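1. Structure of the sequence below:
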Amino acid sequence: MTTLRRTVQGAVLAAALLSASAVAGPTAAHAAALPPACQDALLKTLDKFPVAHFTVPDKVESGLLDQVSALSDADQSAFTQAACTSWNDWATANGKAVAKDLDTTYQNTSGKVCAKFAAASLKTLKKYAPNVPAATRDLEKVAKKVWKKAMQKLSTDATDATCRKAYDGVKSGW
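-> Numbers count the residues shown, from 1 in each chain. Next up is the predicted model:
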């Protein structure tokens, strides 16, 4: 269960944070059909972004994974060996800096976990997405769809007004 949890956290962290993060998203059923570089991204994303304080709320994890599991075949076609290799190289080279920014923003944001997550995620996405390699742009399109749909659903379903506002404020993405 710990390995599954780390894989899920890695998938969600990537999906929530970087434009190329859709690499981390396919469900286990789709993982076998993924190119080797995409499988590597799925299994090792969390290790590439070693956050210490940044937290992805459980409802966000579930929401993002629900959206990823509903990806169309056309969206899944963005998961190519070249795109995932490019993502892996970028994430390895930049992961520590991204994690540091996530942790810093998360710690410097007051309020509930949902608001801290939303603020840190969006700030980091906006900062780093322009620098992700061009080879990952189709993955970015998929990540944006996943993000928007998940945040829309979370903002609609949240029972807490602070979380509703936080998710609504970031649903348009980066």
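
2. Quick check: buried residues in stretch 129-137?
-> 129, 132, 135-136 (16 or more other Cβ atoms under 10 Å). For glycine as for every other residue, the C-beta is placed from the backbone atoms N, C-alpha and C.

3. okay, how far is it across it, tip to tip?
-> 10 Å (Cα to Cα, to the nearest Å).

4. ok now that stretch, how far from the chain's centre?
-> Centroid separation between stretch 129-137 and its chain, computed with Cα atoms, centre = their mean, to the nearest Å, is 14 Å.

5. Give the rounded mean pLDDT of it.
-> For stretch 129-137, mean pLDDT rounds to 93.

6. Next: stretch 165-174.
-> 94.

7. Would you mind writing the CA trace of that stretch as CSV?
-> Below are the C-alpha coordinates for stretch 165-174, written out as CSV (Å, rounded to 0.1, in the frame of the first residue of the first chain):
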residue,chain,number,x,y,z
LYS,A,165,-13.0,29.6,-3.2
ALA,A,166,-9.5,28.3,-3.4
TYR,A,167,-10.3,25.7,-6.0
ASP,A,168,-12.5,28.1,-8.0
GLY,A,169,-9.7,30.6,-8.0
VAL,A,170,-7.2,28.2,-9.6
LYS,A,171,-9.5,26.2,-11.9
SER,A,172,-8.5,28.2,-15.0
GLY,A,173,-4.9,27.0,-14.4
TRP,A,174,-1.7,28.4,-15.7
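
8. If you count neighbours, what's buried in the longest helix belonging to the chain?
-> Criterion DSSP state H: the longest helix present in the chain is helix 81-108. Within helix 81-108, the residues scored as buried using 16+ other Cβ under 10 Å are 83-88, 90-91, 94-95, 98-103, 105-106.

9. Helix or strand with the lowest mean pLDDT in this structure?
-> Taking mean pLDDT, DSSP states H and E as the measure, the chain has helix 28-31 as its least confident helix or strand, at a mean of 42.

10. And for the helix or strand following the longest helix of the chain, what's in contact with it?
-> As assigned by DSSP states H and E, the chain's next helix or strand after helix 81-108 is helix 113-128. If you take Cβ atoms under 8 Å, 6 or more residues apart in numbering as the criterion, helix 113-128 is touched by 16-19, 54-57, 59-60, 94, 98, 101-103, 105-106, 109-110, 158, 160, 162-163, 165-167, 169-170, 173-174.

11. Among those, name the buried ones.
-> Neighbour-count burial (16+ other Cβ under 10 Å) is assigned, among the contacts of helix 113-128, to 16-19, 54-57, 59-60, 94, 98, 101-103, 105-106, 109, 158, 163, 166-167, 170, 173-174.

12. about what we covered before: if you count contacts, what does the longest helix of the chain end up packed against?
-> helix 2-17, helix 36-48, helix 113-128, helix 137-157 (3 or more Cβ pairs under 8 Å, 6 or more residues apart in numbering; DSSP states H and E).
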